[in-house]
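Trainee: Sequence isn't available, so here's the structure alone:
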């Protein structure tokens, strides 16, 4: 158990819909990351937050957004969903923003868009 | 920009045989290198990491990796494979400069034959 908690574990939704994925980082970790894992794209970095502020953006679509709340939990919002958004979405956390801190991953949220 | 190439999307070895998973990286700045393992239906677990110092890094479950700057490689090895090692393995790179986002390779699925 990494200490990173993600909900829901599985989600099935229709195209055009909007979903929210939730993440609670490890106790004491200030930095939260979101990654997408799909068969064709592999593991892709989406976005990083540190203590409530956005710090880095990766290959995140404009239809997707995230935020980190004062209690440090984070949410990833996916809207106008398309079939290609079906993937495993990982949240990860680490203590500090700069390396080489270990990044701990949650078990992921499986999103299926039908 | 940083990138990782894992040679071989599938590797199959016999139980008790040497495990060698290959990883080459590209980085314009000194890299931090990581190996993560993903067991079926689970999140990513850190096996080992190289930051600075000793180039031979020992990790959990008997795995080790050697950082070779001249070859831009960070291959993962284990002297004797066990059935429980069957999983997907990901090599990743990050750096001290900027946010500590991990850039992953495409992964190598390791199968252990009895």
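Mentor: Nice, I can see it. Since the structure is predicted, the reported quantities are computational estimates derived from the model, not experimental observations. Residues are numbered from 1 along each chain as shown, chains lettered A, B, ... in the order given.

Trainee: Quick check: residues of chain B near chain A?
Mentor: By Cβ under 8 Å from any Cβ of the partner chain, the part of chain B that sits against chain A consists of B:32, B:36, B:41-46, B:49, B:51, B:90, B:94-96, B:98-107. C-beta: built from backbone N, CA, C; applies to glycine.

Trainee: Show the buried residues in the residues you listed.
Mentor: Among these, the ones that count as buried by 16 or more other Cβ atoms under 10 Å in any protein chain shown are B:32, B:36, B:43-46, B:49, B:51, B:90, B:94-95, B:99-105, B:107.

Trainee: Please name the nearest non-neighbouring residue to the spatially most central residue of chain B.
Mentor: Closest residue to the average C-alpha location of chain B: residue B:35 at 3.4 Å, with Cα atoms, centre = their mean. Using Cβ to Cβ, 6 or more residues apart in numbering or on different chains and skipping the chain neighbours, the partner closest in space to residue B:35 is residue B:47 (4.3 Å).

Trainee: Likewise for residue B:102?
Mentor: Nearest in space to residue B:102, with sequence neighbours left out and distances taken as Cβ to Cβ, 6+ apart, is residue B:92 at 4.2 Å.

Trainee: Pull up the pairing partners for the helix or strand in which the one you found is found, direction included.
Mentor: Using DSSP states H and E, residue B:92 maps to strand B:87-95. Paired neighbours of strand B:87-95 in the sheet (DSSP bridges): strand B:31-38 (antiparallel), strand B:103-104 (antiparallel), strand B:108-113 (antiparallel).

Trainee: ok, now how distant is the residue positioned nearest the centre of chain A from chain B?
Mentor: The structure's chain A has its C-alpha centroid closest to residue A:34; by Cα atoms, centre = their mean the separation is 3.1 Å. With distances taken as Cβ to the nearest Cβ, to the nearest Å, residue A:34 is found 10 Å from chain B.

Trainee: need the residues of chain A near chain B, please.
Mentor: Applying Cβ under 8 Å from any Cβ, one finds that chain A approaches chain B through A:2, A:4, A:31, A:33, A:35, A:42-43, A:45, A:48, A:50, A:55-56, A:58, A:90, A:92, A:94, A:97-108.

Trainee: in chain A, which spans are strands?
Mentor: With DSSP state E, the ranges of strands along chain A come out as A:5-7, A:10-13, A:19-24, A:31-38, A:42-50, A:53-57, A:64-68, A:74-78, A:87-94, A:104-105, A:109-113.

Trainee: Tabulate the ones you listed in JSON lines, adding columns for mean pLDDT.
Mentor: Formatted as JSON lines, those follow (pLDDT from 0 to 100):
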{"stretch": "strand A:5-7", "mean pLDDT": "97"}
{"stretch": "strand A:10-13", "mean pLDDT": "97"}
{"stretch": "strand A:19-24", "mean pLDDT": "98"}
{"stretch": "strand A:31-38", "mean pLDDT": "94"}
{"stretch": "strand A:42-50", "mean pLDDT": "92"}
{"stretch": "strand A:53-57", "mean pLDDT": "91"}
{"stretch": "strand A:64-68", "mean pLDDT": "97"}
{"stretch": "strand A:74-78", "mean pLDDT": "98"}
{"stretch": "strand A:87-94", "mean pLDDT": "95"}
{"stretch": "strand A:104-105", "mean pLDDT": "93"}
{"stretch": "strand A:109-113", "mean pLDDT": "97"}
